[in-house]
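**Q** Below are the sequence and a predicted model for it; my questions follow.
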Amino acid sequence: MTETALTDAQVWDALRQVMDPELGINIVDLGLIYDVQVRGGEVNVKMTFTMRGCPMHGTLVAGAEAAIRPLPGVEQVNVEVVWDPPWSPEMMSAEARARLGR
């Protein structure tokens, strides 16, 4: 039986399971995930927050790591928080904007 390679799409799907507890919307639809790179068993994610000092910072980073780690073939997960470009409501999916009345 051959093992299939981990894909960026699998990581994006896993990240959709991580919900912002205050808004009830996943971090992908909120536009908080900027980039996903899979290189063999190493997964690198760039994410941001709606504001510096976000009280959910640690919780959401840990949630992203926990969502990715069980995927088949994952050996290492690196989540980097970046502030460029700055997050804006336009980065949210149309569904997330509609749910928030934007």
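**A** On my side now, so go ahead. Bear in mind the structure is a predicted one, so any value in this text is a computation, not a measurement.

**Q** Can you tell me which helices and strands the helix of greatest length in the chain packs against?
**A** Counting residues, the longest helix in the chain under DSSP state H turns out to be helix 57-68. For helix 57-68, the elements it packs on are helix 8-15, strand 42-47, strand 76-81, judged by 3 or more Cβ pairs under 8 Å, 6 or more residues apart in numbering; DSSP states H and E. All C-beta spots, glycine's among them, are computed from the backbone N, C-alpha and C.

**Q** highest average neighbour count across the ones you listed?
**A** strand 42-47 (a mean of 20; mean count of other Cβ atoms under 10 Å).

**Q** What strands flank that strand, and is each parallel or antiparallel?
**A** strand 33-39 (antiparallel), strand 76-81 (parallel) (DSSP bridges).

**Q** possible to save those as JSON lines with mean pLDDT and distance to residue 53?
**A** What follows is those, written out as JSON lines (pLDDT from 0 to 100; distance: least, Cβ to Cβ, whole Å):
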{"stretch": "strand 33-39", "mean pLDDT": "97", "distance to residue 53": "19"}
{"stretch": "strand 76-81", "mean pLDDT": "97", "distance to residue 53": "12"}
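
**Q** So for residue 56, which of those strands sits nearest?
**A** The closest of the strands paired with strand 42-47 to residue 56 is strand 76-81. By Cβ to Cβ, the value is 11.8 Å.

**Q** buried ones in the helix or strand just after that closest one?
**A** Beyond strand 76-81 on the C-terminal side, the first helix or strand identified by DSSP states H and E is helix 94-99. Of the residues in helix 94-99, 96, 97 count as buried by neighbour count, 16 or more other Cβ atoms under 10 Å.

**Q** Go ahead and name everything in contact with helix 94-99.
**A** For helix 94-99, contacts defined as Cβ atoms under 8 Å, 6 or more residues apart in numbering pick out 25, 29, 30, 31, 89.

**Q** Distance check, the closest residue to the last one other than its chain neighbours against residue 42.
**A** The spatially closest residue to residue 89, leaving aside those adjacent along the chain, is residue 102, at 5.4 Å (Cβ to Cβ, 6 or more residues apart in numbering). As judged by Cβ to Cβ, to the nearest Å, residue 102 and residue 42 stand 35 Å apart.
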